[in-house]
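**Q** the following comprises the amino acid sequence and a computationally predicted model.
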Amino acid sequence: MTKYTLHDIHIDPEKTWLMDFDEYYGGKKTYSKYLIEPYGPYQHNELLDTVYVDPNHEMCYHEHTRGVETFLVDGGSVLTEICGKKAVCTKGDIVHISAYTPHKFTWIDAGTIWRELFQETQMGEDCIANLRFKEYNKTEFDMAKDGQSTDSLYYTYTPVTEEVPKEQIYQIRPYNSGLCIYRFEGCELRQKVARWETKGHKEIWQLCMEPGFQLSWSAQNPFYSLFIVQEGSVEVRIDGMEKFTAKERDVLHIPTHLSGEITAPDGAVLFDYNCEGFGLRAIEELYSLYAADPEKAESEAENILSKHKCYVHGRLIK
């Protein structure tokens with residue numbers, strides 16, 4: 001950790017978490033690690049890892065009345081049922097759920113890892129409040145609904161759903177696809193979640209970095225960065241810290257006004273979970289220029305990114 005920060009910048013989920021706890025749904029166990037508390041006006045970047053210990057762990061059909069949920073299957077498989085359709089998600093797939101979207105999950109494999117990102121839900125506080133209640137009111141607690149939010153609507157029926165390819169369910173973002181995909185020298189960018197899906201707050205991108213590709217930003221960056229190392233490893237330099245290596249599943253939660261670089265010497269895949277700048281606007285403009293005149297695109301890149309409040313730059317180190 002560098003000076004003037006309130007949290008860990010490099011989060012190794014095997015070693016670093018704020019708290020951990022067990023929950024039970026229908027008598028089946030989950031084990032959660034609470035990694036990042038929500039903050040800011042959008043109460044964003046709340047992050048948990050939940051392991052579904054038992055196989056065929058089922059959550060009833062329900063919807064939420066507030067907030068945004070983004071789930072990453074980080075191991076195992078999950079049957080996802082949304083709006084009359086169902087499909088199995090596997091490692092690397094993202095499921096993005098907005099308020100008032102009815103959905104149901106069944107975590108099929110024992111040990112399935114479910115990485116949870118929340119905006120404006122305070123999910124961790126709901127879970128912890130239920131744990132407090134359970135601890136001191138054991139006879140009144142319904143173990144079948146342990147951890148369920150009071151701001152959610154739980155249905156008493158089971159919906160009829162048709163099995164379809166996961167690509168046919170809009171809320172599922174398969175690992176090797178994107179809402180849009182842009183290919184630049186050294187990196188492919190896949191938009192996983194769009195700004196119109198986060199109340200205009202931010203975007204989520206997948207970065208497929210070739211060997212030698214580097215991300216960098218200056219101390220003028222006014223936004224928190226939240227990167228997930230999904231494949232491979234990266235070398236990281238951040239003001240006030242010794243250089244370090246972040247491996248697969250590690251989290252990089254970087255405060256504002258610190259310069260730094262993330263380099264993939266052997267290639268890597270990252271998720272950018274907190275693109276608050278207008279990434280799609282910037283990339284579309286850059287890509288149109290890049291397709292017509294790559295040299296001009298390179299010379300104009302900094303101006304275009306700055307115009308759209310994108311402070312993280314990328315380049316292939318020769």
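**A** Thanks, I have it. Numbers count the residues shown, from 1 in each chain.
**Q** show me the contacts for residue 187.
**A** 207, 208, 209, 210, 213, 314, 316 (Cβ atoms under 8 Å, 6 or more residues apart in numbering). For glycine as for every other residue, the C-beta is placed from the backbone atoms N, C-alpha and C.
**Q** show the buried residues in the residues you listed.
**A** Buried members of these, counted by 16 or more other Cβ atoms under 10 Å: 207, 208, 209, 213, 314.
**Q** surely the last one is in a strand?
**A** Yes - per DSSP: H, G, I helix; E, B strand; the rest coil, residue 314 lies within a strand segment.
**Q** next up, the contacts around it.
**A** Residues near residue 314 by Cβ under 8 Å, 6+ apart: 184, 186, 187, 207, 213, 214, 215, 216.
**Q** beta-bridge partners for the third one, please?
**A** Meaning residue 187. Counting by DSSP bridges, residue 187 is bridged to residue 184, residue 209.
**Q** surely residue 103 and residue 62 touch.
**A** Yes - between residue 103 and residue 62 a contact is recorded at 7.1 Å, counting by Cβ atoms under 8 Å.
**Q** which of these two has more neighbours?
**A** Per other Cβ atoms under 10 Å, whichever of residue 103 and residue 62 has more neighbours is residue 103, with 20 against 16.
**Q** what's the closest non-adjacent residue to that one?
**A** Using Cβ to Cβ, 6 or more residues apart in numbering and skipping residues adjacent in sequence, the residue nearest residue 103 is residue 82, 4.8 Å away.
**Q** neighbours around that neighbour, how many?
**A** Using other Cβ under 10 Å, residue 82 has 21 other residues around it.
**Q** what's the answer for the one 3 residues further on, then?
**A** By the other Cβ under 10 Å criterion, the neighbourhood of residue 85 contains 19 residues.
**Q** same question for residue 163.
**A** So residue 163, with other Cβ under 10 Å, has 12 neighbours.
**Q** what's near enough to touch it?
**A** Counting by Cβ under 8 Å, 6+ apart, residue 163 makes contact with 85, 86, 87.
**Q** report pLDDT for it.
**A** pLDDT, residue 163: 97.
**Q** A helix includes residue 129, no?
**A** Yes - with three-state DSSP as the criterion, residue 129 is part of a helix.
**Q** what's the pLDDT at it?
**A** For residue 129, the predicted pLDDT is 82.
**Q** picking that back up, farthest pair in the contacts of residue 314?
**A** The distance between the two most remote of the contacts of residue 314 (Cβ to Cβ) is 14.8 Å, for 184 and 216.
**Q** tell me where the stretch 201-318 of the chain is predicted with low confidence.
**A** 318 (pLDDT under 70).
**Q** ugh, wrong one, I meant the stretch 51-200 of the chain
**A** Short version for the stretch 51-200 of the chain, where the test is pLDDT under 70: 138-154.
**Q** quick one, helices of it?
**A** Along the stretch 51-200 of the chain, the stretches classed as helices by DSSP state H, counting those that start in this stretch are 123-136.
**Q** all strands for it, in order.
**A** Assigned by DSSP state E, counting those that start in this stretch, the strands in the stretch 51-200 of the chain fall at 57-64, 68-75, 77-82, 85-90, 94-98, 103-107, 112-119, 152-154, 162-163, 172-173, 181-184, 187-193.
**Q** so which elements touch the fifth one?
**A** Counting contacts by 3 or more Cβ pairs under 8 Å, 6 or more residues apart in numbering; DSSP states H and E, strand 94-98 packs against strand 68-75, strand 77-82, strand 172-173, strand 187-193.
**Q** one more time with 7 Å
**A** For strand 94-98, the elements it packs on are strand 68-75, strand 172-173, judged by 3 or more Cβ pairs under 7 Å, 6 or more residues apart in numbering; DSSP states H and E.
**Q** show me the contacts for residue 28.
**A** 54, 57 (Cβ atoms under 7 Å, 6 or more residues apart in numbering).
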